[in-house]
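>>> Here is a sequence together with a model predicted from it:
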Amino acid sequence: MSIKVTVVIVNYNGLKFLNPCIDSIINNETTNINLDIIVVDNLSSDCSVEYLNDNYPNVTTIVNTENNYTKALNLAIKNCSDSNFIALLNNDTVVDKKWIASLLKGMNTNKNIGAVQSKILFNDRTTINSAGVEEVEDFYFRDIGFGKPDSSRYNKTKEIDYFSGGSVLLRRECVDAVGTFDEDFIMYCEDIDYSIRCQSLGWKIYYCPDSIVYHEYNGTASSGLCEYFCSRNRLFCIAKHRPNKLASSLKTSHFLGKKEYSNLHYTLLTAVRKAIGIHEQDVIRALLTDLKDSLPEMLGSHPAYNFFSHLELELGIRKKIRIGIYDHAFQFAGGGQRYVATMAEILQDEFDVTYISNKKSNLESYKEWFNIDLSRCKLKIIPIQFFETRDRYFIDEGMVTNETDNPFDIISCESINYDIFINANMLGKVEPRSLISMFICHFPDKGIERFFQVHKYNYLISNGDYTSSWINKRWNLQKTHKLYPPVDMHHQESSPDSKQKIILSVARFELGGSKKQVELIKAFGEMSRSNPEVAKEWQLVLAGGSSKDNYYFDHVQNEVNRANARIVLKPNVSYADLKNLYRAAAIFWHACGLDETSPHLVEHFGMTTVEAMQNYCVPIVINGGGQVEIVDHGTSGFRFNTLKELQDQTLLVMSDQALMKKVAIKAFARSQEFNLSIFRQQVLEIFTSIKNELLGKEFLPSSPATLLPPSF
């Protein structure tokens, strides 16, 4: 009666190894052996599956749904339930003619033997790759004889503690008793785990030197991947089998030694979660106590706090992820504030969101300013004494130059209270200490200065291509995401056919005059004086936020009086009134960046331009900064370089109603690429990804976001 043996090979992009490997199995001595071969392919991209189907029709090929070695093993074992023995073999091997017969001979010497490993040689056929596996110390393992010349000392059949999965024969009864391979391991050390489980049930493991395999070492896996998974899975093994040693084993972890703190953080989380699913409560309490005592010393207090906070989330002790949003200019009605407040409005139902401000303010103002409801958010006021003692209403990080201590450390200390800390408005001197951090950059106004911290954030969000290019030039950093501002200002009654003869400009009345309201007043005044029809029928409306004691606004008012033209100022206009202005206006002006050489003084994006376009206004804007990304010159609007060009383009539009309507319709269509719906979708994608990381989807080195806790 023949014995049925199924050989299981897992393949990932190993096309070049398949022919010699499979042929060597087929050419084995198989007297009284019914030999089947199963190849499980882990989503190869090198046509391995097609090659197998075309050249080896008698080989069963299974396509895995993911690149997971241990899952592939289990798939194969599930599909060979009628086999007496299962042989696991690496795809980058060639076997000796007596390979399988020798394994069976070794197996049959004792019915309590559950696994027999071959002698594995390197391709030079004279050097040992593995003659079994042994523990060196502290759950570090090595192949017996690795790198040694093959000699008589490796020619003795013997019992060993652990087998290598590179070539091993498993008895069906052993597999049925021990169960499946642990798919959490993915690859590497799964054979150590399985060996321990075999022995715990009384199954013996043997080494058989007469069964010989020749191995192309690391033929299908990189050394970096091997190092990562071996370090990771060592901690998994300890969590499963020696949980009382897990805390102390961190001191000798390669992750710690190489300062790979993200890998350590996420591996430890998964290891603890794994231990909780296996061991009794008293064992887990002891483990957590050991970690509480040892982590602060090993990693520092902030990373230790982050770890336990993260563990609370993963275990469901806390139901909502905490988000802290710091905006040092929270008390002003600006585009940057609207940008992040819209994000907060999107997130506030699913997350626990707290705004952090340095000055007394309230969330209700955002309803009036932007029609943004932040009622499910909380607000925390944290004054910064550096600015309080100087009686400064504006938080200007440029004032912090030669101080010994960073005045913004008080915000850094607050950031640790959140799972996600969002620096909302480009203040680059706040060090994030949360588990995950996000820096939202509307433009890098300054270069790298004292106390610069932006490089420590996990996510660097840019509001457009112009900003992204300067992030790279000034900070030598790359954005992680480009997220155009959300614009949702369409008035339902807006139409290109119902416009009034109004030129509208919407921008803050900033103290430095960077929005160029004075220049626009002068340009309109000149147009009115030289064009009686403009003077008679058109008016310029300047709307925007203004703070108390704003001397620039007073200057603008004086210029309006001197211009002697139909010009109206609308400071701090309400959301509803602003919408009505957009509905009424036919033309929109924006000049931020005119005659400027400093890139931070050029409009970084231009939310108000898009708002105007959403209401069929014809945009006539500066030819620079983010405006270039919004307005296609001559199609969805016009871009100017000088005030003379602004005037000429405006007069052209005023004089040609057909052109005005055509461009207005194109402007509206273009504006839809920057709407709230797109912003919402992108925000949810980013935060869903972060949520998945926080709530148990494991971090791997290939993950887009490194999620490195900054204080590590």
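Perfect, thanks for sending it.

>>> Can you verify residue 205 is assigned to a helix?
No. Counting by DSSP: H, G, I helix; E, B strand; the rest coil, residue 205 is not found in a helix; it is strand.

>>> what about it, neighbour count?
Residues lying near residue 205 (other Cβ atoms under 10 Å) number 23. Bear in mind the C-beta positions are built from the backbone N, C-alpha and C, glycine included.

>>> Quick check: bridge partners of it?
Judged by DSSP bridges, the bridge partners of residue 205 are residue 115.

>>> can you start the count at 42 instead of 1 from here on
Sure, I'll start numbering at 42, so the last one becomes residue 246.

>>> confidence score at it?
At residue 246, the pLDDT value in this model is 98.

>>> Quick check: the gap between it and residue 504.
Separation of residue 246 from residue 504 (Cβ to Cβ, to the nearest Å): 60 Å.

>>> again, but for residue 166
Noted for residue 166: a distance of 61 Å to residue 504, by Cβ to Cβ.

>>> Then residue 368?
On the measure of Cβ to Cβ, residue 368 and residue 504 end up 15 Å apart.

>>> next one: residue 268
Going from residue 268 to residue 504 by Cβ to Cβ gives 39 Å.

>>> cool, residue 252 as well?
Applying Cβ to Cβ, the value for residue 252 to residue 504 is 63 Å.

>>> Residue 704 too?
Separation of residue 704 from residue 504 (Cβ to Cβ) stands at 25 Å.

>>> now residue 574
To residue 504, residue 574 is 39 Å away according to Cβ to Cβ.

>>> swap in residue 624?
According to Cβ to Cβ, residue 624 stands 26 Å off from residue 504.

>>> Among the two, which residue is more densely surrounded?
Taking neighbours as other Cβ under 10 Å, residue 624 and residue 504 compare with residue 504 leading, 25 against 20.

>>> quick one: that one and residue 483 touch, right?
Yes. Residue 504 is within contact range of residue 483, at 5.1 Å (criterion: Cβ atoms under 8 Å).

>>> Now do the shared contacts for the two.
Residues within reach of residue 504 and of residue 483 at once, by Cβ atoms under 8 Å, 6 or more residues apart in numbering, are 380, 645, 646.

>>> Give me the neighbour count for the last one.
By other Cβ under 10 Å, 27 other residues sit near residue 646.

>>> can you tell me the helix or strand for residue 544?
strand 543-547 (DSSP states H and E).

>>> contact partners of that strand?
With contact meaning Cβ under 8 Å, 6+ apart, strand 543-547 is reached by 558, 561, 565, 579-585, 619, 622-623, 625-632, 649, 652-653, 658, 691.

>>> Direction included, what does it pair against?
Within its sheet, strand 543-547 is paired with strand 580-585 (parallel), strand 628-631 (parallel), according to DSSP bridges.

>>> hey, which of these is tucked in deepest?
Greatest average neighbour count among the strands paired with strand 543-547 goes to strand 628-631 (a mean of 28), per mean count of other Cβ atoms under 10 Å.

>>> for the very next helix or strand once past that strand, packing partners?
Sequence-wise, the next helix or strand downstream of strand 628-631 (DSSP H and E) is helix 648-654. Helix 648-654 sits against helix 376-388, strand 543-547, strand 628-631, strand 659-663, helix 668-671, helix 698-712, with contacts defined as 3 or more Cβ pairs under 8 Å, 6 or more residues apart in numbering; DSSP states H and E.

>>> Apply 10 Å and report the result again.
helix 376-388, strand 543-547, helix 616-625, strand 628-631, strand 659-663, helix 668-671, helix 698-712 (3 or more Cβ pairs under 10 Å, 6 or more residues apart in numbering; DSSP states H and E).

>>> Tabulate those (CSV), appending distance to residue 317 and mean pLDDT.
Listed next are the helices and strands packed on helix 648-654 as CSV, based on distance: least, Cβ to Cβ, whole Å; pLDDT from 0 to 100:
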stretch, distance to residue 317, mean pLDDT
helix 376-388, 29, 93
strand 543-547, 55, 97
helix 616-625, 50, 95
strand 628-631, 57, 98
strand 659-663, 58, 98
helix 668-671, 49, 95
helix 698-712, 51, 97
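
>>> now those in TSV, with distance to residue 308?
Shown next, in TSV, are the helices and strands packed on helix 648-654 (distance: least, Cβ to Cβ, whole Å):
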stretch	distance to residue 308
helix 376-388	28
strand 543-547	51
helix 616-625	49
strand 628-631	51
strand 659-663	51
helix 668-671	41
helix 698-712	47
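
>>> quick one: which of those is nearest residue 511?
Smallest distance to residue 511 across the helices and strands packed on helix 648-654 (Cβ to Cβ): 13.4 Å, for helix 668-671.

>>> Mind giving me the packing neighbours of that closest one?
Counting contacts by 3+ Cβ pairs under 10 Å, 6+ apart, helix 668-671 is packed against helix 506-516, helix 648-654, strand 659-663, strand 679-681, helix 698-712.

>>> Turn those into JSON lines, including mean neighbour count.
Converted to JSON lines, these look like this (neighbours: other Cβ atoms under 10 Å):
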{"stretch": "helix 506-516", "mean neighbour count": "18"}
{"stretch": "helix 648-654", "mean neighbour count": "28"}
{"stretch": "strand 659-663", "mean neighbour count": "28"}
{"stretch": "strand 679-681", "mean neighbour count": "23"}
{"stretch": "helix 698-712", "mean neighbour count": "18"}
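
>>> can I get the ones you listed in a markdown table with distance to residue 143?
Listed next are those as a markdown table, based on distance: least, Cβ to Cβ, whole Å:
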| stretch | distance to residue 143 |
| --- | --- |
| helix 506-516 | 61 |
| helix 648-654 | 74 |
| strand 659-663 | 80 |
| strand 679-681 | 79 |
| helix 698-712 | 74 |
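
>>> now for these, which one comes closest to residue 530?
Checking the helices and strands packed on helix 668-671 against residue 530 by Cβ to Cβ gives helix 648-654 as the closest, at 3.8 Å.

>>> contacting residues around residue 182?
Residues in contact with residue 182 (Cβ atoms under 10 Å, 6 or more residues apart in numbering) are 174-176, 202-203, 205, 230, 232-233, 236, 271, 275, 278.
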